[in-house]
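Chemist: fold the following.
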Amino acid sequence: MLGTLTGDIVGSIYEWNNIKTTEFPLFQEQCRFTDDSVLTVALAEAILTGEAYAQVMRRYCRRYPDAGYGRNFLNWAQSDDAPAYYSYGNGSAMRISPAGWAFDDLEQVLEKAKEYSAVTHDHPEGVKGAQATAAAVYLARTGATKREIAAFVAGRFGYDLSRSCDEIRPGYSFDVSCQGTVPQALTAFLESTDFESAIRLAISLGGDSDTLAAITGGVAQAYYGGVPAAIARETLRFLDEPLRKVTLEFEARFVSGRGEQKRGQATV
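Modeler: Below is the predicted model:
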C-alpha cells in the first residue's frame, strides 16, 4: 500500500495544476497526503484490527477533516449511520490497495473489494473500479505478467486498455469517475519500466493526478517488488506519526517479503 501513498503525495500538487510530462521533481515541499492516503490507511487499520471499515473511515475523516474529501463523502462521514450513496467515483479504487495484499485468493480479494467499496460506492461502476484495482494488485504480487493482468482486467471488467499513454494524454482532463480513472491508471502501470516511471506516467496524463498515481502506485509496488527505499523514505516523511505507524504495521504484516522480489528493486 506504500505505493498508493507515494502516488498520492507526489501527485497532490498536480491535481489542479496538471503537468503533461514525465519530467518533474518527484517530491516537493508543497506535496502533502490527501484523502487518498487517509482512507487507504483507514482500510489498512480496519483489516489489521477487524473493525468495520465504515466506522474506521468516519473516525479518520473526523481526525483529518481537511484532507480533500468529496462533498458526498463528507456528508456520509459526518453522519453516524448514513447509507451508501450510490457513487461511481474513483474514491473506491484509490483506497483499495490493502485488500490486494491482505487476502490470498483472487475471488476473496474481489469479494472484499466489493465489501469495502460498497459502504459508500455501491454503484456498479464504483464496485467495479475497486475490484479491478485490488485484483491488479493481487495478480501483480503473485507473479502475473503485465499481459496477464491486462487480459484479466479487460476480460472481467470490460475496461479498454488498448490506448497508450501518449494517446490518452492530449485529450484527457479531470475525471472523478472510476470508469474515467481506473483504465488510465492501469495503462500507466502497464507501460512503466519501474516503480518511479509508473508514478511519472500516471501524473503525466493530467486529470485527477493524485488519485491516478495512487492507483498506479499501488499496482506498481506489487509488481516491481516494492517501493525503492529512497522513495519510500520520502513518502513516510510526509505522513504524520499515526498514519506512518499504521502503514508500517500493515507493510510488516502483509507486504514485506510477499511481493515479487525477483523483479529486483531495492525496497522499504
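
Chemist: contacts only, for the closest residue to residue 144 other than its chain neighbours.
Modeler: Nearest residue to residue 144, sequence neighbours excluded (Cβ to Cβ, 6 or more residues apart in numbering): residue 152, at 7.5 Å. Just so you know, the C-beta spots here come from the backbone N, C-alpha and C atoms, and that holds for glycine as well. Contact analysis of residue 152 by Cβ atoms under 8 Å, 6 or more residues apart in numbering lists 135, 139, 144.

Chemist: the first one against residue 153, yeah?
Modeler: Yes. At 6.8 Å, residue 135 counts as touching residue 153 under the criterion of Cβ atoms under 8 Å.

Chemist: longest single helix anywhere in this protein?
Modeler: For the chain, the helix that runs over the most residues, judged by DSSP state H, is helix 124-141.

Chemist: that one packs against which elements?
Modeler: Packing partners of helix 124-141 (3 or more Cβ pairs under 8 Å, 6 or more residues apart in numbering; DSSP states H and E): helix 91-94, helix 97-102, helix 106-118, helix 146-157, helix 182-191, helix 209-224.

Chemist: 6 Å - rerun?
Modeler: Here helix 124-141 touches helix 91-94, helix 97-102, helix 106-118, helix 146-157, helix 209-224, going by 3 or more Cβ pairs under 6 Å, 6 or more residues apart in numbering; DSSP states H and E.

Chemist: so where does the residue nearest to residue 200 when sequence neighbours are not counted fall, helix or strand?
Modeler: Distances taken as Cβ to Cβ, 6+ apart place residue 22 nearest to residue 200, at 4.0 Å, with adjacent residues excluded. Assigned by DSSP states H and E, residue 22 belongs to no helix or strand.

Chemist: mind putting the contacts of residue 152 in CSV, neighbour count included?
Modeler: Output for the contacts of residue 152, formatted as CSV (neighbours: other Cβ atoms under 10 Å):
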residue, neighbour count
135, 25
139, 24
144, 20
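
Chemist: want to throw the residues you listed into CSV with pLDDT and distance to residue 207?
Modeler: What follows is those, written out as CSV (pLDDT from 0 to 100; distance: Cβ to Cβ, whole Å):
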residue, pLDDT, distance to residue 207
135, 98, 22
139, 98, 24
144, 98, 26
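
Chemist: low pLDDT regions in the stretch 51-200 of the chain?
Modeler: The stretch 51-200 of the chain contains no residues with pLDDT under 70.

Chemist: residue 94 reaches residue 36, doesn't it?
Modeler: Yes. With contacts counted by Cβ atoms under 6 Å, residue 94 reaches residue 36, the gap being 4.5 Å.

Chemist: intersection of neighbour lists for these two?
Modeler: Residues touching both residue 94 and residue 36 by Cβ atoms under 6 Å, 6 or more residues apart in numbering: 211, 214.
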